[in-house]
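Enquirer: how would this look folded up:
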Amino acid sequence: MKSVRCVCLATAVLFLGATTTATLAQAAPAAAVVSIPKAAREAQTVAEIGQFKTTIEQFIAAKVQDLTSTDAKTRSGARDILIQEARNGDSTIYLKTYADFLAADVAPVLTNNVSAADKLMAAIVVARIAERSGNSSLAGAARQMLKDPSEAIVLWGVKAAQPIIPVLAASPLDPNFVLIAEVATVAQKHSNPFVIDDAYQALTLTRRGSNAQAPTPQMVTAVLPHVQSLLANRLAQYGKSVPPAPGSDNRATNFYVSTEVWKGVPAAQLPMVQQMTDLTNAATNQYATGAEGRAEMLTVIKNTAKAFWVVGAYFGNDAAIQTATANIAKLTINSPPESVKQEVASLFAAVTKVPAFAQLKTGASPAATQPAAAAN
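Expert: Reported below is the predicted structural model:
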């Protein structure tokens, strides 16, 4: 009897131990995903990426959570590895899956009342991965960043928009298409020169991200009214003083005379040349006042003249336009205001001899010649 009780007791202990071990095994959390498998990063089809979606989702969720850690090293480490795992991928479907999961997980960080440091880390991640992904998955995140009261977050929002806008410009039915207009609006509200310059880069399709196509007429048509709107707003500022980052306005004039824009949207040629004329007038007037930004004004005049030179090239290498722009290029910071005005007047006289620009308003105020397209 005693031996039977011992056997029963031993059996019970073994049973309980096995049960406890099984229970603990079931309760143990899954191991953290340290990195994303190479096979996932190289997936080419829906079926291939499908088997790794849970792994990718868990990895991103954990790292986004680390972005809000109280430990600075943990935050920066999470930022770096999130960016790196995107850069490690080459396939379109992997980058789309990665950006989709990131967009969902980072939304609460960008919208909730978290610390500025946490939100900044998330904003940097969004911008860097938007650049790598080559799709519009993070457009919603970029739009949220543009609404943030922190200028730093807004700046990263504009940076995030740079590679996204070309994708949206080619996809007018995308629900986040409005991001294009929102970038222009933000740039008009902020005086930060970096926000202004990055907005110009975004709207002129300067930074198109990975796997981006050259601008098509459809893409140009989508962004051109907003470039015109931003420049019109800036021209109005010249009437009062030299605006922040005046050199950035030449991103618009360079865009206007690029082959994709000039030949892609011929109906916009006169409005674009009108704005180039207004910018030259505005900079010339500010140069004449002897303002602190005189050197910058001369640079704007010269760079806009280079754009006029391209216009002349489009019209059979117009000799009068090219001579006038060459004379403007010779001006120096010591050139008297009257000399600058004279050379600018000679340029305008040459441009208006081109039949397409006979109606150009060479003496109009900037505010009076805001293009109708900018209202769209």
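
Enquirer: quick one: which helix or strand includes the closest residue to residue 204 other than its chain neighbours?
Expert: In space, not counting the residues next to it along the chain, residue 204 is nearest to residue 255; the distance is 4.0 Å by Cβ to Cβ, 6 or more residues apart in numbering. Quick note: C-beta positions are derived from backbone N, CA and C, even for glycine. Here residue 255, judged by DSSP states H and E, is contained in helix 249-256.

Enquirer: make sure residue 81 is actually in contact with residue 62.
Expert: No - using Cβ atoms under 8 Å, residue 81 is not in contact with residue 62; the gap is 10.1 Å.

Enquirer: of these two, who's got more company?
Expert: residue 81 (18 against 14; other Cβ atoms under 10 Å).

Enquirer: ok, the more buried one - contacts?
Expert: 35, 63 (Cβ atoms under 8 Å, 6 or more residues apart in numbering).

Enquirer: now with 10 Å, please.
Expert: Residues counted as contacts of residue 81 (Cβ atoms under 10 Å, 6 or more residues apart in numbering) are 34-36, 59, 63, 66, 88, 125.

Enquirer: repeat for residue 245
Expert: With the criterion set at Cβ under 10 Å, 6+ apart, residue 245 makes contact with 187, 191-197, 200, 234, 251, 296.

Enquirer: mind checking which of these are in helices?
Expert: Of the positions in the contacts of residue 245, 187, 193-197, 200, 234, 251, 296 sit in helices, assigned by DSSP state H.

Enquirer: can you select the buried ones from those in ChimeraX?
Expert: Buried residues within the ones in helices among the contacts of residue 245, by 16 or more other Cβ atoms under 10 Å, are selected in ChimeraX with:
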select :187,194,195,196,197,200,234,251,296
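
Enquirer: okay, the ones in helices among the contacts of residue 245 in CSV with pLDDT and distance to residue 302 next?
Expert: Formatted as CSV, the ones in helices among the contacts of residue 245 follow (pLDDT from 0 to 100; distance: Cβ to Cβ, whole Å):
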residue, pLDDT, distance to residue 302
187, 97, 24
193, 97, 20
194, 97, 23
195, 98, 25
196, 98, 20
197, 97, 18
200, 98, 18
234, 97, 18
251, 98, 15
296, 95, 11
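
Enquirer: sorry, back to before: in JSON lines: the contacts of residue 81, plus pLDDT and distance to residue 355.
Expert: Compiled in JSON lines, the contacts of residue 81 are given as follows (pLDDT from 0 to 100; distance: Cβ to Cβ, whole Å):
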{"residue": "34", "pLDDT": "77", "distance to residue 355": "68"}
{"residue": "35", "pLDDT": "86", "distance to residue 355": "64"}
{"residue": "36", "pLDDT": "95", "distance to residue 355": "60"}
{"residue": "59", "pLDDT": "97", "distance to residue 355": "62"}
{"residue": "63", "pLDDT": "97", "distance to residue 355": "61"}
{"residue": "66", "pLDDT": "95", "distance to residue 355": "64"}
{"residue": "88", "pLDDT": "94", "distance to residue 355": "56"}
{"residue": "125", "pLDDT": "98", "distance to residue 355": "53"}
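
Enquirer: nice, that's everything, thank you.
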